[in-house]
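*Asks:* My questions are about this predicted structure, shown below with the sequence.
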There are 2 protein chains.
Amino acid sequence: MLTPLLRAGGRRLWLCVAALVLLTSMGRLHAEDGYALWMRYVPLDAALADAYRSQLGAVGAPDQTPTQHAAREELSRGLAGLLGSAPQLHADAGVGQALILGTPQSSAQLAPYRKDLESLGAEGYLLRQTQLGGREVLLVAAREDIGVLYGVFHLLRLLQTGVPLQGLEVRESPKLKLRLLNHWDNLDRYVERGYAGSSLWDWQTLPDWRDPRYTDYARANASLGINGTVLNNVNANALSLTRPYLLKAAALAEVFRPYGIRVYLSTRFSAPIELGGLKTADPLDPAVQRWWRDKANEIYALIPDFGGFLVKANSEGQPGPQDYGRSHADGANLLGDALAAHGGVVMWRAFVYAHDVPEDRTKQAYGEFSGLDGAFHPNVIVQVKNGPLDFQPREPLHPLFGAMPHTPLMMELQISKEYLGFATHLVYLGPLYEEVLRSDTHARGAGSTVARVIDGSLDGHALTGIAGVANTGTDRNWTGSHFDQANWYAFGRLAWNPHQSARDIAKDWAAMTFSPDPAVVQSIVGMMMASREAAVDYMTPLGLHHLMARGHHYGPGPWVAGGPRVDWTSVYYHRADRDGIGFDRTAHGSNAVAQYAPAVANVYGDLEQVPESLLLWFHHVPWDHRMHSGRSLWDELVGRYSRGVRQVQAMQDSWDGLKGGVDAPRHQQVAAFLRIQHNEAQWWRDASVAYFQSLSGRPLPAGEVPPPQPLAYYQSLQFPFAPGDGR
Amino acid sequence: MLTPLLRAGGRRLWLCVAALVLLTSMGRLHAEDGYALWMRYVPLDAALADAYRSQLGAVGAPDQTPTQHAAREELSRGLAGLLGSAPQLHADAGVGQALILGTPQSSAQLAPYRKDLESLGAEGYLLRQTQLGGREVLLVAAREDIGVLYGVFHLLRLLQTGVPLQGLEVRESPKLKLRLLNHWDNLDRYVERGYAGSSLWDWQTLPDWRDPRYTDYARANASLGINGTVLNNVNANALSLTRPYLLKAAALAEVFRPYGIRVYLSTRFSAPIELGGLKTADPLDPAVQRWWRDKANEIYALIPDFGGFLVKANSEGQPGPQDYGRSHADGANLLGDALAAHGGVVMWRAFVYAHDVPEDRTKQAYGEFSGLDGAFHPNVIVQVKNGPLDFQPREPLHPLFGAMPHTPLMMELQISKEYLGFATHLVYLGPLYEEVLRSDTHARGAGSTVARVIDGSLDGHALTGIAGVANTGTDRNWTGSHFDQANWYAFGRLAWNPHQSARDIAKDWAAMTFSPDPAVVQSIVGMMMASREAAVDYMTPLGLHHLMARGHHYGPGPWVAGGPRVDWTSVYYHRADRDGIGFDRTAHGSNAVAQYAPAVANVYGDLEQVPESLLLWFHHVPWDHRMHSGRSLWDELVGRYSRGVRQVQAMQDSWDGLKGGVDAPRHQQVAAFLRIQHNEAQWWRDASVAYFQSLSGRPLPAGEVPPPQPLAYYQSLQFPFAPGDGR
C-alpha cells in the first residue's frame, strides 16, 4: 500500500512515512485507556476540521498569569489533537487573529466589552463570533482569567461535539457558587466508598513530589467548572490539620490554583483536644474559639485562598457540639467565625442520626435542623444529601429542602456508586440528579424546585453550592470503569447549572468520550438513560430501600437483621411479612410525610396519589394491592426485578452492536463489566425474589423463572474483601 | 520548516505530514511515564536501525500456540518501535527469511538442530547467525516454545543496547529452576511492605475482567525469565484456597501461561481447620492429609500447571506444625505429599523466630532447620532469606547456606525496599544481591559460594530456585519510582544466572530504560552502583542493623526500645552505651559465628579479620577502637553517616547533569525523589548522630556539623500513615 507514495516523494517522504508507521505503532502502545477522560481531543472528521481550522488558525491569548497559561496550553493541546495542528499563539493582540482569548484587563481588544462581561460575574464567560477591525473573529472573553479558561473548555466541547461556530453566541455564568468534590479519602490513601483504587493524593511524597496527575485532575474539574475540592474524608482525622499535612495540602492548592480550584478540608470537631491539648471542644469555650482562630490563621498563611471546612459532627460516632449540649448551629458558627476574616466558609453536614435508634431514621435530620433555621452565621451553609436516608438508588427529595428558607442549603450527591453496583455496574446518575433537582418542594407554591432552593433563587441566598462525593482514584481511567466517568462529568455540568438535562449532558459526554458518530452517541445515550431505572428495578424497585448486604454494601441482603442497631438492617426498612411490605411513613405510621410541604405530603401520603416508584418508601401495602398495571403488588414486584435484569441484557446487546464503533480496549472492558453487572443483577433478582417469596408465600407470576438456588444459599454468601467498606 | 516538504510531495505528502504532526501531538499526551519498563522499544539511531533492518526484515515464525503467538507479537512490537517498521511475519518456513524463530517441532528449518537444542533444556535457547540455503540467517531456536520467547526478548535486548548481530552466537539456559516473585499482597489489595500502590490483582473483578496489565506483567517477567509468581502474602488468608478465589487465580494463570509463568499460592497451615472444619491441622492426622490432598486435586482441576505452595509457618504468629509438636519437615512434607502427584512443589520458609525471645534472633533459623537436613521430601525446597535477620541494608550471608547439603535451599531476596527507603530512595539492589551470591560459605572449601549452593551445583540438587519479594503495584510505573524498576530487573536477570555482574545488568537496564547514549548510561550506572553503599552509610554503617522506626520502618529509630519483644527494638541490636557499640556474636557473646563453616567463622569472629562493613554485626567494640582509617570507631561512624549524605548529593549532581539526556517527565520525578532522599538521608544522619552521641558522650570529629535539632525532636516525630506497614 505504501509503495506508490514512496515513489512519489523521495527520501523525505519515505522518512515521513516511516515516522508515521513508527508513531502509529507507538500509539498502539498507548491504547485508549480512559486516562484522557472527555478531553481526548482525537482528530475530527476532515471536513469539519478544515472548517474549524480556518476559524481558529491564529489566536491572540495573553500569557501573563498561570491561569492564562493554562488556557493557552489547553487550547493548544485541544486544537492540535482535534484539528491536526496546534494554533499559532500570539500573546499580544494583533491583526489577523481569528480567535481572541482574554479579559478587558489582559486584552486591549476586549476592553470595550468590560461592562458586558461584568454582568457575567467572576466566573462567567462569553463566546461570540463577531466583527473586529473588519474581520470575523471569535471571542472567548470573561471578566476574570478563570472565565476565559472555562470558555476555552466550552469552545473545545463545541468542537468535540461538532457544533458550528458560525454566529456563535454563548453567555454562561455558574448558577451555584460552591461546586465541589468531596473526597472521602483517608490519610493512608484508603478511599471510603471508593471503587477506583487508592486516593489520588500521595501524602507520602507530598509536598516534594507533585504528580502530573494532580494537574490533570485540575484540568478535568476546570473543564466542568468545578471550583473546589475537599481533600479528606468527612470521617476526618485531626492530623490533616497539623503542619506537615497543611504543607502537603498547600502544595496541592498550588497545583490547583491556576484552574480555579480551591482546597477545603474536612475537620474533626474534637481537634482542639487531639491537637491542641485542650480539655474540651465546647464551641462556647473561649480557648476552643481561640484554637480554631489560630488554626485558621495558620492555614491561610500557607494557603491564602483556602476554601474552608466541611464538617460531619454528631453523626455515626463523630464528635460534635452536642457532646457539650450545644446545637449544630453553635458548632458551625464556631468554625465559621474562625474562617470569616479570611473569607472561608463552613459546610456543615445535615447527615445526622442519633446514637439512640429513632422511630424513623429518615426523620432525624429534619428534626435536628429545621428548628435551627436562621441560626447560622453568614458564612455557614448546611450540606444536605439529596434524600432523607443515604444515597439509595431512589429516594424522595430531602424534606429539609424548602424547610429552611433563612439558611443557605447546599446539596450533597454521591458520584461514587456505593449503593449502585460500585464501579462495575453501568449506572448513569444523571437521571437521579435531575430527578431530585427537579423535585418540587412546594415551599413557596408550585415550581419551588430543589434546584431553585440550592441555586438561592427561591429564598434569595447568595451563598449557594453543591457537592459530589467523588468517584476518583488511582485507577488508570480515574473512576474504575469508563462509564463512571460520566457521573463525574454529569455532576460537574449540573453543578454549573442544575437546570440542565441529564440526556443532553449524556450526549455531550458520549460524543467526547467515545465517538461523535451520531449512531454511536444515540446508542450509548440510550444505554445510559435506561441504566439507573434498571438498577432500581433489580435492586430496590417500587420505593424499596436499604436492602444491600451489611457493611460493604456489595450485593443483596434483604434478610439483614440484628446487629448493633435496627436502622442498619434491611428488615427495618422493608418491613415485609406474610401480609405485605413497605415502611408506613404516613400519619398512620412514622408520619415522615409531615416533614414535607402539605402539597407534597398530600401526594406522598396518599396511597392513590403516591408515585409507584416511591410506593413502598411511604406505605406498607398488602401483597395483593392492585397496581396501575392491573397486577398485584407481589406480581409487579417480581416483574420489576426481572425487568431490571432484562434491561441489563438490553444494554449488553446495545454494547455488542457498538463493536467497531468504539475502540477495542474500552469496548472489551465495558463488555466484561456488563457481564459482571448482568450476573449480579440476576443475583440481586434471584436472592430478592427468593427472600420475599419466603415471606409472601405467593407463587411466582406466570413466566417467571424460580431462583436457581434456595434462599439459604444466597444468605450464605460472604464477601469479606468487597471494596470500599468504611474503616 | 515543513514548507519545502509540502511543495515536494503534493496532497498525499501533505496528509502524511499532517498525520505526523497529529500523532506527535498525541504522543505528547502519552509522555514517558515508566509503564513500558525496559521494553520501551523507542527508535534506535538511524544508522543502527538501518543495519538491523536488513538483518531482520523478513521473519519466519510459527503461530500455532499461545506462546508462539506471544513471541511473534513481542518481536513485532519491538521491531516496529526500534526500527520504525514491523517485520513481515511468515508462519511457514520459506526462502528469503532473515530471522527464523522456532523449535525443531514448529519449524522444519530447525529440525536439524534437535540434538543441539536438547542440551539447552526446557527453557534454554540459542541465538545464532548462520548460513541456511546459502543465505545469512539469524536463528532464535529452542527446544520448547518458551525458550523461543525468551530468545526473542534476548534479541530485543541486544538491539536495544546496540549489540552487533554479525557472528552472533548465544547459548543460554537458566541456572535455577524456580525463578519466582513473591507478592505480599492481601486479598483486600493492600500490599504489605509495598510502596507502589495497591496489589496488581483486582480480585473484585476477577475472573470476569482480565486487565491488560496482567499481560504486561507477564511480558515483563518473561523478558527476564521469571517463571513463577506467588500471588498472595506469606501472611496468608485461608480464603485464597476457596473456590471463588481459585477461579480468580485460574484466570490469572491463563493469562500468564503463554509467558511461561506458573501461579503459586501462599497457604495458611491451619486452612484445614478454617476451611475444612477439622479440629486440627496436625500434619500426621490422616484427615488433615486427606484435606490437603483433596484441596490439591481441586486446585489442579482448575489450574493444571499450578506451581505449588509457599508457606510461612510458626513465624511471627503464623500457625504451623510446631503447634502440634511436629517439625517443619513434618509440615512441609504434608503439603509436598499432597502436591507430589501433580508435580507441584512446596517452598517452606526458614524465616522463623520463636514466640519466646531467644538469646540472639539471628541464630534461630539455623537452630530450627539445620538439624532437619535430609528430612524433607523431594518436592520440598527450603526458602532462606539472604541474611540471618531480615533484609537489612547489609547482612552477612545466612548461615543455613552450605549447612544443609542434603536439602535443596532457595534464596529469598527483597526487591521491595522495606529497609532501604521504600520507593523514594534510589537504592540499586544489584550490588546487595551480588554480594550475597558471591559470599563464600566454605562449606566444601573455598569457592563454595551461595550462588553455587542455590544453583544446586555444590551439592548436586536438581530442585533449585530463588524468590524475590515483589516491589510491584498499581502505580503507573509499576514500582513507585522509576529506579526501583531496576531492582525488579536485576533480580530477574540474576535469577536466570546468579553468577552475573550487577554492573553489567545495570548497564543493560539503563540503556533500555533511559537511553542507549553511552554517556547517559555511564552516569546512571555510576549513580546506581554507588547507591546501595550510600544507603548503608546513612542508615546502618559498619555492620549496624535494625535501627529503623518501629512498625512501618520509615526513618531512623535507633532509640527504639521496649514494646512487646526486645528483638523488635533497636537497642537490642546495637547495644550501644557509654563504652562502646555492637552485638557480640563471637564465642564471648551469642556465638552466632559458630553457625558458619570454620573458615568463615574464623574471619567473622576475629576483630582483626572481620570486614569493617560487618564489624558491629559481630563485635561489641569500644568507641575508641582504632579503624583501618586510623580514626577511632566513633569518628569513623559519624564520618560514614555523613559520607552517605554526601553520596546522595553526588547522585543529585549526576542526575542534574542528565537533564536533556533523559526525558523530562521522568527526569522531574527522579529529581524530586532524590530531593526527598537527600532530606531523609540527612535526617537519618542527624538523628543517628544525635542519638549515638547521647551515649558515647564524645565530641563530633572536626568538620562534622552538629545535628540541627536536639535528640528529643527526632524522637518525637511520628508518621502514623507511612505506607507498607503490616496489617
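*Replies:* Alright, I've got the coordinates. Numbers count the residues shown, from 1 in each chain, chains lettered A, B, ... in the order given.
*Asks:* Skip the chain neighbours and tell me the closest residue to residue A:491.
*Replies:* Spatial nearest neighbour of residue A:491, chain neighbours left out: residue A:468 (4.1 Å); criterion: C-beta to C-beta, 6 or more residues apart in numbering or on different chains. Glycine gets a C-beta too; all of them are placed from N, C-alpha and C.
*Asks:* let me redo that: residue A:315
*Replies:* Counting by C-beta to C-beta, 6+ apart, the residue nearest residue A:315 is residue A:352, at 4.2 Å.
*Asks:* what's around residue A:164, how many residues?
*Replies:* Neighbours of residue A:164 under the rule other C-beta atoms under 10 Å in any protein chain shown: 12.
*Asks:* That one: what's its closest spatial neighbour, skipping adjacent residues?
*Replies:* The spatial neighbour of residue A:164 that comes closest, neighbours along the chain excluded (C-beta to C-beta, 6+ apart), is residue A:51 at 7.8 Å.
*Asks:* before we move on, the earlier item: wait, the residue nearest to residue A:491 touches residue A:493, no?
*Replies:* No. The pair residue A:468 and residue A:493 fails to qualify as a contact (C-beta atoms under 8 Å) at a distance of 11.2 Å.
*Asks:* For stretch A:690-710, what is the distance to the chain centroid?
*Replies:* Stretch A:690-710 has its average C-alpha position 37 Å from the chain's average C-alpha position, going by C-alpha atoms, centre = their mean, to the nearest Å.
*Asks:* model confidence over that stretch, on average?
*Replies:* For stretch A:690-710, the per-residue pLDDT values average out at 98.
*Asks:* just to revisit the earlier point, in which helix or strand does the residue nearest to residue A:491 reside?
*Replies:* Assigned by DSSP states H and E, residue A:468 belongs to strand A:465-469.
*Asks:* Strand partners (parallel or antiparallel) of that strand?
*Replies:* Its sheet considered, strand A:465-469 pairs with strand A:178-182 (parallel), strand A:409-414 (parallel) by DSSP bridges.
*Asks:* Give me the helices and strands touching the helix or strand just after it, please.
*Replies:* Reading on from strand A:465-469 to the C-terminus, the next helix or strand found by DSSP H and E is helix A:485-496. Packed against helix A:485-496, as judged by 3 or more C-beta pairs under 8 Å, 6 or more residues apart in numbering or on different chains; DSSP states H and E, are the following elements: strand A:178-182, helix A:212-224, helix A:430-438, strand A:465-469, helix A:502-513.
*Asks:* Let me see the residues that make contact with the third one.
*Replies:* Put plainly, it is helix A:430-438. A:386-387, A:393-395, A:397, A:411, A:413, A:449-451, A:454, A:486-487, A:490-491, A:494, A:498-499, A:501-503, A:505-506, A:528-529, A:532-533 (C-beta atoms under 8 Å, 6 or more residues apart in numbering or on different chains).
*Asks:* now the second one
*Replies:* Residues from elsewhere that reach helix A:212-224, judged by C-beta under 8 Å, 6+ apart: A:35, A:37-39, A:70, A:74, A:149-150, A:153, A:156-157, A:179, A:181, A:200, A:227, A:229, A:252, A:255-256, A:258-261, A:472, A:478, A:488-489, A:491-493, A:495-496, B:31, B:665.
*Asks:* Are any of these buried, and if so which?
*Replies:* The neighbour-count test (16 or more other C-beta atoms under 10 Å in any protein chain shown) marks A:35, A:37-39, A:70, A:74, A:149-150, A:153, A:156-157, A:179, A:181, A:200, A:227, A:229, A:252, A:255-256, A:258-261, A:472, A:478, A:488-489, A:491-493, A:495-496 as buried among the contacts of helix A:212-224.
*Asks:* other SSEs contacting the longest helix along chain A?
*Replies:* Using DSSP state H to assign secondary structure, the helix with the most residues in chain A is helix A:664-696. For helix A:664-696, the helices and strands in contact under the criterion 3+ C-beta pairs under 8 Å, 6+ apart are helix A:518-539, strand A:580-581, helix A:633-657, helix A:711-716.
*Asks:* where in chain A is pLDDT low?
*Replies:* Flagging of chain A using pLDDT under 70 yields the residue ranges A:1-30, A:93-95.
*Asks:* So if we follow the domain assignment, how does it break up?
*Replies:* Dividing chain A into domains by automatic domain parsing, as the record does, gives the ranges A:2-172, A:178-509, A:537-583+A:620-716.
*Asks:* Tell me which of the ones you listed sits most buried.
*Replies:* By mean neighbour count, with neighbours taken as mean count of other C-beta atoms under 10 Å in any protein chain shown, domain A:178-509 ranks first of those at a mean of 22.
*Asks:* Surely residue A:382 is in a strand?
*Replies:* Yes. With DSSP: H, G, I helix; E, B strand; the rest coil as the criterion, residue A:382 is located in a strand.
*Asks:* Please name the residues that touch it.
*Replies:* Here residue A:382 is in contact with A:332, A:347-350, A:369, A:376, A:400, A:404, A:407-410 (C-beta under 8 Å, 6+ apart).
*Asks:* now it: how far from residue A:454?
*Replies:* Using C-beta to C-beta, to the nearest Å, one obtains 11 Å as the distance from residue A:382 to residue A:454.
*Asks:* Quick check: neighbours shared by the two?
*Replies:* Common contacts of residue A:382 and residue A:454 (C-beta under 8 Å, 6+ apart): A:409, A:410.
*Asks:* For chain B, what's its nearest residue on the stretch 51-200 of chain A.
*Replies:* In the stretch 51-200 of chain A, no residue comes nearer to chain B than residue A:80, which is 3.8 Å away by C-beta to the nearest C-beta.
*Asks:* doesn't residue A:86 make contact with that residue?
*Replies:* Yes. Counting by C-beta under 8 Å, residue A:80 sits close enough to residue A:86 to count as a contact (4.0 Å).
*Asks:* where exactly do the strands run in the stretch 301-450 of chain A?
*Replies:* For the stretch 301-450 of chain A, the strands defined by DSSP state E, counting those that start in this stretch cover A:308-311, A:345-349, A:380-385, A:409-414.
*Asks:* CA atoms only: put the third one into CSV for me.
*Replies:* Included here for strand A:380-385 are C-alpha records, laid out as CSV according to Å, rounded to 0.1, in the frame of the first residue of the first chain:
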residue,chain,number,x,y,z
VAL,A,380,-22.1,28.8,57.1
ILE,A,381,-24.0,26.6,54.6
VAL,A,382,-25.8,23.4,55.6
GLN,A,383,-25.0,20.5,53.3
VAL,A,384,-28.0,18.2,52.8
LYS,A,385,-28.0,14.8,51.0
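*Asks:* What strands line up against it, and which way round?
*Replies:* So strand A:380-385, judged by DSSP bridges, has these partners: strand A:345-349 (parallel), strand A:409-414 (parallel).
*Asks:* Need those strands in CSV (columns: distance to residue B:519).
*Replies:* Converted to CSV, the strands paired with strand A:380-385 look like this (distance: least, C-beta to C-beta, whole Å):
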stretch, distance to residue B:519
strand A:345-349, 55
strand A:409-414, 54
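*Asks:* Not counting sequence-adjacent ones, nearest residue to residue A:696?
*Replies:* Among residues not flanking residue A:696 along the chain, residue A:623 sits closest, at 4.9 Å (C-beta to C-beta, 6+ apart).
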